[in-house]
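Student: Sequence plus predicted model, see below.
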Amino acid sequence: MRIGELARRTGVSERALRYYEEQGLLRPERRPSGYRVYGEADVAAVRRIRVLLAAGLNTAQINQVLPCVVVDDGLLVPDCPELVDELVKHRDRIGAAIEELAATQANLDTIIAGRRH
DNA sequence: CTTCTTACA
DNA sequence: TGTAAGTA
């Protein structure tokens, strides 16, 4: 199938699909016309990419994770031990970011509480 | 009509 | 990311 059909079937824009390829997430074949040709497997791949993107991973991280993940009953399951390691690190980074934002919010609260009525 | 690349908001 | 432009 060509990019238009993949876009319709996944709900992902053609723009994003080309971007995923640029990031090495997808490797569609090329027809002599230059048109990209995707396989049935790419439909599933795009869905996996979306799930990982929603989990906050960037394309570089997804590149490492994608080959080590499998779909089971619509649930994404880690398949390699080193992957779980990466995910835990990512989770910790998110935790750190949350703490920093909380601190920033506390500072804002202090300023707001001090306003004149 | 569909896709492609490049470039800009 | 969306979109416009000029093609194939």
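Tutor: Alright, I've got the coordinates.
Student: Just give me the neighbour total for residue A:2.
Tutor: Other residues near residue A:2 number 14, with proximity taken as other Cβ atoms under 10 Å. Every C-beta, even on glycine, is put in place using the N, C-alpha and C of the backbone.
Student: so it sits right up against residue A:37, yeah?
Tutor: Yes. Because the distance of 6.5 Å satisfies Cβ atoms under 8 Å, residue A:2 is recorded as touching residue A:37.
Student: what about the residue of chain A at minimum distance from DNA strand B, how many residues close to it?
Tutor: Residue nearest to DNA strand B within chain A (Cβ to the nearest atom of the strand): residue A:4, separated by 2.3 Å. Using other Cβ under 10 Å, residue A:4 is surrounded by 12 other residues.
Student: swap in residue A:106?
Tutor: Neighbours of residue A:106 under the rule other Cβ under 10 Å: 9.
Student: Which residue lies closest in space to the residue in chain A that DNA strand C sits nearest to, excluding its sequence neighbours?
Tutor: In chain A, the residue that lies nearest DNA strand C is residue A:13 (3.4 Å; Cβ to the nearest atom of the strand). Once flanking residues are discounted, residue A:13 sits nearest to residue A:7: 6.1 Å by Cβ to Cβ, 6 or more residues apart in numbering.
Student: mind listing what that neighbour touches?
Tutor: Listed by Cβ atoms under 8 Å, 6 or more residues apart in numbering, the contact set of residue A:7 reads A:13, A:14, A:17.
Student: Turn those residues into CSV, including secondary structure and distance to residue A:41.
Tutor: Formatted as CSV, the contacts of residue A:7 follow (DSSP: H, G, I helix; E, B strand; the rest coil; distance: Cβ to Cβ, whole Å):
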residue, secondary structure, distance to residue A:41
A:13, coil, 20
A:14, helix, 19
A:17, helix, 14
